[in-house]
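> coords please:
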Amino acid sequence: MAAEAYPTPLAGQRITASLLRAMLPQVARKTSDTSRAATTATTIDPHLQFTVVAGAVYVWWGWIKYDAATGGDLVLTFEAPSGSLGEWGGHGPGSVVISSSATPTLQTDSVTTQGYMLRIESNDVTQLRTYGGLGAGTALTIPINGMLRVGSTGGTWALDWAQSVSNATPTTLYTDSYICLQRIA
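Numbers count the residues shown, from 1 in each chain. As a prediction, the model looks like this:
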């Protein structure tokens, strides 16, 4: 089976600017920091969103830079048009990365009763995941990627996020966090 590509140019087809643009990934980049405090209700990020087409298939990848209070953490999920399917994953710190003993130690198991050292699960397209914070001013990163199969209704596909636990110290997504979206079918 041949690799998927969109669009597929045909012999004799006129090459236009719109055809060439359709072959390139779209990129959404945060052009300013966004902070959210005292909220656990996920909301679409003002910068990291796309319009997707009904019946289309996309692959995507990105990089999220953030900081969060150890008590606030970060919840990531995605808004997708009704009927959309797909998966996503991110590699970032779990919400509890030290043991509960008197002498904190880094966990070496992938999951224990104290939490995750590194979150690496595969998630359904709109499933949320919590990532840990190490305190305001300590920037962390999460490389993210996945696939989106849009159902019979197009619309907005976007990163939604909030704090995991309501905290007066804001959780911040930083400038230059980005997502690239490439249509493949």
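> Below-threshold pLDDT in the protein: ranges please.
For the chain, the stretches flagged by pLDDT under 70 are 96-116.
> 90 - rerun?
Confidence mapping of the chain against pLDDT under 90 gives the ranges 1-5, 8-10, 19, 21-22, 70-71, 93-121, 133-138.
> secondary structure class for the residue sitting furthest away from the middle of it?
Within the chain, the residue lying farthest from the chain centre (CA atoms, centre = their mean) is G12, at 39.3 Å. Classification of G12 into helix, strand or coil gives coil, according to DSSP: H, G, I helix; E, B strand; the rest coil.
> Pull the contacting residues for it.
G12 sits next to no residue when contact means CB atoms under 8 Å, 6 or more residues apart in numbering. For every residue, glycine as well, the C-beta is placed using N, CA and C.
> From R21, how far out is it?
The spacing between G12 and R21, counted by CB to CB, to the nearest Å, is 20 Å.
> Same question for A37.
As defined by CB to CB, A37 lies at a distance of 39 Å from R21.
> quick one: which of these two has more around it?
Set A37 next to R21 and count neighbours by other CB atoms under 10 Å: A37 wins out with 14 against 9.
> which one is that one nearest to, not counting chain neighbours?
With CB to CB, 6 or more residues apart in numbering as the measure, P170 is the residue that lies nearest to A37, at 3.9 Å, once sequence neighbours are left out.
> in terms of contact, does that neighbour touch T34 like I think?
No - here P170 lies out of contact with T34, judged by CB atoms under 8 Å, at a distance of 9.3 Å.
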